[in-house]
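1. return atomic coordinates for the entry below.
(one chain, ligands or ions: 4)
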Amino acid sequence: MGASTVRAPLTRGVFSIYCSYPRLKSNPLYFSVSLASSVQQVRRAAAASMSYDKQLAAAKKAAFLAARLCQKVQKALLQSDIQSKSDKSPVTVADYGSQALVSFILEKEFPSMPFSLVAEEDSEDLRREETRGTLVRIKELVNDTLASNGMNDISPLSEEDVLDAIDRGKSEGGPHGQHWVLDPIDGTKGFMRGDQYAIALALLDEGKVVLGVLACPNLPLTSVTSYDRHNSQDKVGCLYFAQLGAGTFMQSIDGSPPRKVHVSATTNPEGALFFESFEAAHSSHDLSSLIVKKMGVKTPPVRMDSQAKYGALSRGDGEIYLRFPREGYREKIWDHAAGYMVVAEAGGIVTDAAGNPLNFSRGRYLDLDTGIIVTNQKLMPALSKAVVESLKERASSLQS
Ligand SMILES: Nc1ncnc2c1ncn2[C@@H]1O[C@H](COP(=O)(O)O)[C@@H](O)[C@H]1OP(=O)(O)O
Ligand SMILES: [Mg+2]
Ligand SMILES: [Mg+2]
Ligand SMILES: [Mg+2]
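-> Ligands and ions are numbered 1, 2, ... in the order given. So this is what the prediction gives:
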């Protein structure tokens, strides 16, 4: 059953209990505050026990279509397909096309529900006359992807439809109601290099992540540690999906039956493998190497772009993921929500550097302490200790 269908009767139920209570009827302020907080509690409890099957099916469909669009663009990547945003990060026609497509599909799938999407891109740069050609190309990509994947019944989107679909992603999210969270291409730099990237889509309900879908078109179906790109038997293209309380599953983007995945059960840090960003500017490689050295990890890091790292970790390719951006960098919720869900439902733990759980309910940003650390239950105590010691060492060496 969908969240919205359960919510209305529950809300009415709480309302009628309060209305039948005489003291509350005589105190309107107490009444409304208590009602709001009780409704919130009931909604949270409902979210935890609810099935999001319909939302999950729609999210998988949207991520699959976006992956097809991205694969097409990556194959024929031209210089003109890349733009620079005002924050100087790159953005490609595939980032925009993926966001337009996911936004369009999700809104269409749930026509009677309020639609809220927190997504990375906006259409500002595409509305200028100089970028008209880019917009036309994005529109064609979106329409071709729909038509060539069995969705010929949909009337083609106009340029204005594409801009509108992109701008539906301007929601601020927050602790109430349901919000989709999308990174249309996570790891744009990896995408442009021909390496790893992900389409990352999650759903928040009452501030909690309740489902996550990660499409990783270039991630090997087998472990990244045994992958040989020259062996034609080694196929790539993984779709991960996870729903609160239901575990994490992985299937091939091309449609193999899903299999349940679990994080590594390794307890010995010596044999542990750790992941970090490919881009040194995204996460301090020095700090990560200090941390894992303290833990006794012997193997060199696996450097990979995007939330594909969460996917690889969720099926036990490695044991640890460390992310320490430069000071002042503010993480966004779309860079972690889907990956977090995929790892958490596979039995892993994701926290900030101080051991706090990630809070996705504060809007578009994920304000947290210093960095993000991910591992299995057994290794977390040793990892936390090494993180605290390493951060202290770094702080004192910066002072001296
Ligand atoms: N200076 C930065 N520091 C940390 N992360 C960044 C920075 N610039 C962009 N990112 C984001 O980091 C993520 C990629 O991280 P990773 O290093 O794990 O590949 C992406 O979400 C990328 O955004 P984008 O979605 O635009 O690619
Ligand atoms: Mg970006
Ligand atoms: Mg990103
Ligand atoms: Mg992105």
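2. which residues does whichever residue of the stretch 151-300 of the chain sits closest to ligand 2 contact?
-> Nearest residue of the stretch 151-300 of the chain to ligand 2, counting by C-beta to the ion: Thr188, 4.9 Å away. C-beta here means a position set from N, CA and C on the backbone, and glycine is covered the same way. Applying C-beta atoms under 8 Å, 6 or more residues apart in numbering, we find Thr188 in contact with 89-92, 95, 197.
3. just the buried residues of the residues you listed.
-> 91-92, 95, 197 (16 or more other C-beta atoms under 10 Å).
4. list the buried residues in stretch 339-359.
-> Buried, per 16+ other C-beta under 10 Å, within stretch 339-359: 339-353, 358.
5. what's the most distant pair in the residues you listed?
-> Using C-beta to C-beta, the buried residues of stretch 339-359 reach their maximum pairwise distance at Glu345 and Ala353, which is 22.5 Å.
6. next one: phi and psi at the most centrally placed residue in the chain?
-> Residue closest to the average C-alpha location in the chain (C-alpha atoms, centre = their mean): Ala338, at 2.9 Å. Dihedral pair for Ala338: phi -70, psi -40, per degrees, to the nearest 10.
7. that one contacts Val181, correct?
-> Yes: if you go by C-beta atoms under 8 Å, Ala338 and Val181 touch, sitting 7.4 Å apart.
8. okay, and the common contacts of these two?
-> Joint contacts of Ala338 and Val181 (C-beta under 8 Å, 6+ apart) are 201-202, 209.
9. which residues touch Ala165?
-> Contacts of Ala165 (C-beta under 8 Å, 6+ apart): 99-101, 103-104, 107, 157.
10. again, 7 Å this time
-> Going by C-beta atoms under 7 Å, 6 or more residues apart in numbering, Ala165 touches 100, 103-104.
11. downstream of the strand or helix carrying it, the next helix or strand is which one?
-> Element membership for Ala165, per DSSP states H and E: helix 159-167. As assigned by DSSP H and E, the chain's next helix or strand after helix 159-167 is strand 178-186.
12. what number of residues lie near the nearest residue to Thr225 once chain neighbours are set aside?
-> Spatial nearest neighbour of Thr225, chain neighbours left out: Asp317 (6.0 Å); criterion: C-beta to C-beta, 6 or more residues apart in numbering. Counted with other C-beta atoms under 10 Å, the neighbours of Asp317 add up to 24.
13. these two touch, right, Asp317 and Thr222?
-> No: Asp317 lies out of contact with Thr222 (C-beta atoms under 7 Å); the separation is 8.9 Å.
14. perfect, I'm done here.
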